[in-house]
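1. Give the three-dimensional model of this entry:
(5 chains)
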Amino acid sequence: MARFLKDRSQKLGTAPGAAVFVGKKRTDETTIHIIDYTNKEIREEFVSEASHLSGLNETPTVSWVNVCGLHEEALIAEIGSYFDLHNLLIEDVLNTGQRPSFTDYDDYFFLAVKMLKYDRERDYVDSEQLTFVVGKNYILSFQEQLGDVFDPIRDRIRKEGAKIRDRGVDYLCYVMLDTVVDHYIHIVERFGDKIEVLEGRILGKAEGDLLQKITDYKREMSYLRKVIRPAREACIHFSKSDSTLIHKTTLPFLKDLEGLASLSAESVETYSDILSDQLNIYQTTVSNRLNDVMKVLTIFSVVFIPLTFVAGIYGTNFEYLPELQYHYAYPIFWGVLITVALGMLFYFRRKKWI
Amino acid sequence: MARFLKDRSQKLGTAPGAAVFVGKKRTDETTIHIIDYTNKEIREEFVSEASHLSGLNETPTVSWVNVCGLHEEALIAEIGSYFDLHNLLIEDVLNTGQRPSFTDYDDYFFLAVKMLKYDRERDYVDSEQLTFVVGKNYILSFQEQLGDVFDPIRDRIRKEGAKIRDRGVDYLCYVMLDTVVDHYIHIVERFGDKIEVLEGRILGKAEGDLLQKITDYKREMSYLRKVIRPAREACIHFSKSDSTLIHKTTLPFLKDLEGLASLSAESVETYSDILSDQLNIYQTTVSNRLNDVMKVLTIFSVVFIPLTFVAGIYGTNFEYLPELQYHYAYPIFWGVLITVALGMLFYFRRKKWI
Amino acid sequence: MARFLKDRSQKLGTAPGAAVFVGKKRTDETTIHIIDYTNKEIREEFVSEASHLSGLNETPTVSWVNVCGLHEEALIAEIGSYFDLHNLLIEDVLNTGQRPSFTDYDDYFFLAVKMLKYDRERDYVDSEQLTFVVGKNYILSFQEQLGDVFDPIRDRIRKEGAKIRDRGVDYLCYVMLDTVVDHYIHIVERFGDKIEVLEGRILGKAEGDLLQKITDYKREMSYLRKVIRPAREACIHFSKSDSTLIHKTTLPFLKDLEGLASLSAESVETYSDILSDQLNIYQTTVSNRLNDVMKVLTIFSVVFIPLTFVAGIYGTNFEYLPELQYHYAYPIFWGVLITVALGMLFYFRRKKWI
Amino acid sequence: MARFLKDRSQKLGTAPGAAVFVGKKRTDETTIHIIDYTNKEIREEFVSEASHLSGLNETPTVSWVNVCGLHEEALIAEIGSYFDLHNLLIEDVLNTGQRPSFTDYDDYFFLAVKMLKYDRERDYVDSEQLTFVVGKNYILSFQEQLGDVFDPIRDRIRKEGAKIRDRGVDYLCYVMLDTVVDHYIHIVERFGDKIEVLEGRILGKAEGDLLQKITDYKREMSYLRKVIRPAREACIHFSKSDSTLIHKTTLPFLKDLEGLASLSAESVETYSDILSDQLNIYQTTVSNRLNDVMKVLTIFSVVFIPLTFVAGIYGTNFEYLPELQYHYAYPIFWGVLITVALGMLFYFRRKKWI
Amino acid sequence: MARFLKDRSQKLGTAPGAAVFVGKKRTDETTIHIIDYTNKEIREEFVSEASHLSGLNETPTVSWVNVCGLHEEALIAEIGSYFDLHNLLIEDVLNTGQRPSFTDYDDYFFLAVKMLKYDRERDYVDSEQLTFVVGKNYILSFQEQLGDVFDPIRDRIRKEGAKIRDRGVDYLCYVMLDTVVDHYIHIVERFGDKIEVLEGRILGKAEGDLLQKITDYKREMSYLRKVIRPAREACIHFSKSDSTLIHKTTLPFLKDLEGLASLSAESVETYSDILSDQLNIYQTTVSNRLNDVMKVLTIFSVVFIPLTFVAGIYGTNFEYLPELQYHYAYPIFWGVLITVALGMLFYFRRKKWI
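-> Presented below is the predicted three-dimensional model:
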């Protein structure tokens, strides 16, 4: 519930730039993880207090500070102060209902996207807010809870001589976004497979959960669209930005990211359209089936109703009913019945109902 | 009724710029409230005559004049004259059917939006016109009646040392708009919750008020779209404006406001689409249910109609009806009936109807 | 009929710029009305010959020449010649199927819109072509027949000291357009009221004319869209034009006009969407009602068909039918009937049909 | 068949710029007609060989070369060589499946549109490819077969002193395009009339061919859209082109052409939407009619089924059936039947079914 | 399955620019084919090792290197290194789920499109990734497997004196793209023919596979749209690119290519819309047919149910049932029956049901 919009009621009436957490608390403890590297050295540590971050933005090393857990508003605000961040930015970091976006604040830029999580059992997608602040030589990333898709990136950074170690924070930011968008495509793909499987079942026999599935997938597509479309916008803004923090060598990568984001957004549209088509076709199938049911009813009724009537006639107790006494009446009666029945059946055959 | 468009017939044929009130009178008295502040001092008063406002636009303090009640056309025109406002602007202030918009008149700028009110009992949204005139050191806000969403802002202004006291009118205007847009999101959210709850009920048993609810929410979404879409446009124009009245430090806030307005507009679209999907799925559910009803009818009819016919045959009064005299006729008759019935049931089983 | 497009067959094959009247003749006589004013003086007259207009474009006074009736092609062409108008413009004036548009011919600009007329009895909108030519100190307006929405403007011009007397032709042109667009909104509003009333009836009992009304209003909305959308475009071109004939002081008014035109166009879209929703919901209601009808039929059939069958069994004339002789057969028979009936009813109750 | 796309299989695998005819041969002979004029003189002739065209592009007269029949690829290529045309252009001239477009080749420009033909009997539109090459003082027009809409233009050219004789090739090209687009509107209009007539029939009694008509018109609208939309684009490109071949005095005419093309494209959209609405409303009408049918069936069944059951009871042959002997049983029996029937009718009356 | 999106799971977590093959292996062996030509000479060979390509980018000849088979990641990376290609480009070449796109890397540009394959038997389209790298004097093309649509191009190159031999790599690239897009149109055309044939069948008698066909074609149109739309974008970017590698003489060809790509994309939209219309009309046809079925049932039931009831009355065994003894009762009884039946039929005739 309320996946589509976060409850912002806590925030109503507060000053803009106020550090207020909006969302559901997903972790008890805030974890701060620092990776500090040059192409020669690497230092990694978990710190418990924000004060360890003081001065990080002045060292020449690339510093990636990853913060998991956003409910300790004061802590986040403190982190912000060490990096001279705008109040508004802190507010946006704390607001998990933030719309994916790219904002350039001269000395640093800010990126908000959603990280998608796919619940395999329930065919259900949930999202976690992920925000970046990228400065001259640091990158802050904020997540709602521990557990993300960045472990392969960390491994690459740890490997000595890896290309990522030679490049700056803009490239690191790109790599992280690229991973996030790759996961978008991965998830859309999973739904795509399931949606393509549905198709074969629509024209088959009615199955109870088909409509349920179409409904579910349509809702998930709405959700994915809501997440991915503004993320694509953010990627395009990122790639088109003239921020001095982005090196020229990173630009082709950002261009590529743009294409990837477009691919994921277009695929969501394609699958949405396919689902709408499926629903339409399913409706037609239901109507066709009703036609079949009614034809069976009609054929039986129309054949037997006149027969029953004729039988009723000769079940009457009129005293002077001449046919009843006639010796061959009964066989003739049967003859009439069979003729009527065959006539009816012939009529339906001509109508192509049987 | 007529929520979507205000009756402008009073205005037909009047000169442009004529101070004519368009709308429903919502209050008997016009209230004028002034907050006049610098970062050091604050003065607050309710005045009953417009003449108290004379000269306010020349003091260096930030003056926020809030006017509730728009039916006294002469009063509003008088206020306008103290601030040298364009006639057209006065006309727009008085026209409660004004389209949300941002207009830059060199010396001041004008903003019109709607303030939404949510009627919890009837799941119904109503709106009140809210217009701003922002000059060098004053801000005029016009509302249709007392009671607004700005009390937290007033409280913040009253607090000594609050940041809002250090900033100019452009920031105050932003804060007010931000509050209004935050309320948009808050209201969309409430409908969103209700709409997401509907979904679970659609595939369940038919419930009488489901269609009513979908109808209601669709209408409310149409209404919200009509209010929020041009408001987003106005926010974008505000943020992109090159008015000299907007300080550079306010720009990031306006950018943020833009994102917020887009979020609310997109959410309305998302929920509109979800409702359309729900209606579609509900229609399919209704068709499915009809199929079920017809299957029951058909199965019963098709099983019993031939049986009744056979019974009718042996209810005839033909004198020479050999089977009737045969001693085991009756049990055989039953045998035939049961065989026919089972045959029918087997046929339906094979068709997967039962 | 043919409201949507005018029959242009008269024109097929003529040279561009040929003065050919396209449309239905709506008046027998062409009327030419002149108002010639400065802020001091005013002269008003009806003239019967175009030659009276000669030289008008050279006087310093503001001259408003209003021509009603377009079928006298030669007359219109003559008028054109006195004001040095482009042939093409004359052609456009005479073509009542002209698309609303704004065209700048350096020395003058040309505006074509539709004036809407609402037929209250038939809920029907018709339109009349209205074209303007605005030069340095004259304005020519062409209508298809007498009777327009400009009388309040004429009254204001006649009033000594009125602001309109101080301003130029560009402002007069704006005032006229403003009046026309105000009438658009007025008419959309009337339909809006009726459409909102429909909503309450859709979920109620079926009423014969509901579908008729939805059909009618949809068609009227199509018509309004066809008229208003290009009119909005024309207003935007007018307001964005860099014609030297438009004074800087008129610009805020044109901006306002733009907003008004957008409001009317958006309202048409909103009501169109609402009507589509209504039709959808009505369809679902019809399906629901069919379900109800079928349930009644099914319940009755299913309850009585087996009972009738049982009665039929004991109406047979088998000689050896042991139950018939049994003394308590009849009451037991009733017992069986009632049990079967109750069983059926219980079954339907469990299915929530009753 | 294949009206929507031409079979290009002949062309698959040929070099770009290869002179290959794509389409169906519509004439046996290629006809070349030349009109060569200044405002003083005019020369007109039919030539059979392309060599007569040699040097035409160097005379100061305006030369209009009209070629009917495109299957003689070599001939067309030869014509191209006399005017120094790009190979690609020759390819486009020969490809009758060409998309309407405007291309500027510095020394000349190229225009491709479709000429529509309306088959009155079958309510069917077919199109013929029409391409122009407009150079400094010549215009080449290529058609698929003899017979076009340009005779009035030829007549005007032949008239001494006609304005068209004073103007250049750009104007002649405009006049021809204007005629083509006028025919678009003329054809849309004809369908419009028929579509508006349909409306009255939808809510009336079912008529067999209504659905057929809606289907036909929808298809024709799809076809018109496919032809007219890119033609509008081509007109806009033509009018916006900065080719030196277009005189300033021709620009207002091109602007006018743009409006005309937009009008035709918008009308196609309007009628398409109206047809979709009509189909929707027709569907609802069909559902309503089903409801009526089912109500009749249900009322009859529900009234008579219980009556028949009661009659069945007293048709049983139980020996101890006390009511049968009772003297007034028969009238009482009738009383019961009538009461039951009236009760049912009263029930349906309350449900508003009768 | 998974035609719409390629399974990228192999790639999740790898570094950007990593040479990882994404897709289904379609060939066992990688084939490298080189055509090296000037307008005088031509050399052609199949090589098995990438090392043969070393230095090719420095010869003045035009070199077309065609690589079939992408699963040998190391080989592709090696090829890339000989031509100094960006890692990212290699990644894109290997990713067969790449979105069609055009990317300019200063020294060379990169183009990705899909080559469509039509499976005639199953009315099914499949695609193969096709990527180009175009440098100063070389063109690399990468395909997933042997067999393409470029043989006619190869033949033309082999022909001495062919125009293609005089032009550069940009033209060769254009020719290849043109061939690919020509095949798009060819395939859309084939579906178009089939879709137009469907139309005639929709209003005819129900045929079992019609719905299946509509479903299939809709899905294929979704697929074509997904392939062709971004391909059109790529063509437009190619044609609008200011890369120095594109000669001015190639520009008209690229413009033409743009038109061709637009034609194919628009045709897909047109056929998609036609299919949606067909589904709608088919649904209405199904409803109409249900109406027909129900009318037959209703007419029969309504005529015979009262008759059967009357017969039932006189089948009762009341002792004092005066009519039974009356001598003419039986003929009168028949008279009543026939009158009732005729009355019913007259009623239905008046309702236009028969």
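2. And A:A341, its phi and psi?
-> The phi/psi pair for A:A341 (degrees, to the nearest 10) reads phi -60, psi -50.
3. and if you look at A:V65?
-> Dihedral angles of A:V65 (phi, psi; degrees, to the nearest 10) stand at phi -110, psi 120.
4. Can you pull the residues of chain A lying near chain D?
-> Proximity of chain A to chain D (C-beta under 8 Å from any C-beta of the partner chain) is limited to residues A:G315. To be clear about C-beta, it is placed using only N, CA and C from the backbone, and glycine gets the same treatment.
5. Where do the domain boundaries of chain A fall?
-> A:31-284, A:294-350 (automatic domain parsing).
6. okay if I get those as JSON lines plus distance to C:R120 and mean neighbour count?
-> Shown next, in JSON lines, are the domains of chain A (distance: least, C-beta to C-beta, whole Å; neighbours: other C-beta atoms under 10 Å in any protein chain shown):
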{"stretch": "domain A:31-284", "distance to C:R120": "40", "mean neighbour count": "19"}
{"stretch": "domain A:294-350", "distance to C:R120": "46", "mean neighbour count": "18"}
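7. what element comes up after the host helix or strand of A:S262 heading to the C-terminus?
-> If you go by DSSP states H and E, A:S262 is part of helix A:251-313. Next helix or strand after helix A:251-313 toward the C-terminus (DSSP H and E): helix A:322-325.
8. Is that following helix positioned near chain B?
-> Yes. Judged by C-beta under 8 Å from any C-beta, helix A:322-325 comes into contact with chain B through A:324-325.
9. Output that helix as CSV, nothing but the C-alphas.
-> Taking Å, rounded to 0.1, in the frame of the first residue of the first chain, the C-alpha atoms of helix A:322-325 are listed here in CSV:
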residue,chain,number,x,y,z
PRO,A,322,-60.5,-37.6,-31.9
GLU,A,323,-56.7,-38.2,-32.5
LEU,A,324,-56.4,-40.1,-29.2
GLN,A,325,-58.7,-42.9,-30.3
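10. Over it, what's the mean pLDDT, rounded is fine.
-> Taken as a whole, helix A:322-325 has an average pLDDT of 85.
11. Quick check: closest non-adjacent residue to A:W64.
-> A:I35 (4.6 Å; C-beta to C-beta, 6 or more residues apart in numbering or on different chains).
12. Residues of chain A that sit close to chain C?
-> A:G315.
13. Point me to the residue of chain A nearest chain D.
-> A:G315 (6.9 Å; C-beta to the nearest C-beta).
14. Quick one: residues contacting that residue.
-> Counting by C-beta atoms under 8 Å, 6 or more residues apart in numbering or on different chains, A:G315 makes contact with B:312, B:315-317, C:315, D:315, E:311, E:315.
15. on that earlier part again, okay, the domains of chain A in TSV with distance to C:I332 next?
-> As requested, the domains of chain A are arranged in TSV below (distance: least, C-beta to C-beta, whole Å):
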stretch	distance to C:I332
domain A:31-284	41
domain A:294-350	23
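16. Quick one: closest of the ones you listed to D:L211.
-> Relative to D:L211, the nearest member of the domains of chain A by C-beta to C-beta is domain A:31-284, separated by 15.2 Å.
17. chain center to the closest one, what's the gap?
-> Centre-to-centre, domain A:31-284 and its host chain are 14 Å apart (C-alpha atoms, centre = their mean, to the nearest Å).
18. and it, how far apart are its ends?
-> One end of domain A:31-284 to the other measures 54 Å (C-alpha to C-alpha, to the nearest Å).
19. Report the residue spans of chain A with pLDDT below the cut-off.
-> A:1-2, A:5-13, A:205-208 (pLDDT under 70).
20. how about a cut-off of 80?
-> A:1-19, A:200, A:204-208, A:354 (pLDDT under 80).
21. can you give me the helices for it?
-> In chain A, the segments counted as helices under DSSP state H are A:73-82, A:87-94, A:151-158, A:163-166, A:169-202, A:210-240, A:251-313, A:322-325, A:329-350.
22. touching chain E at all, the fifth one?
-> Yes. Between helix A:169-202 and chain E, judged by C-beta under 8 Å from any C-beta, the touching residues are A:174-175, A:178-179, A:182-183, A:185-186, A:188-189, A:192-193, A:196-197, A:199, A:202.
23. Pretty sure A:D119 sits against A:R190.
-> No. Assessed by C-beta atoms under 8 Å, A:D119 is found out of contact with A:R190, at 11.0 Å.
24. so how far is A:L211 from A:L279?
-> Taking C-beta to C-beta, to the nearest Å as the measure, A:L279 and A:L211 are separated by 8 Å.
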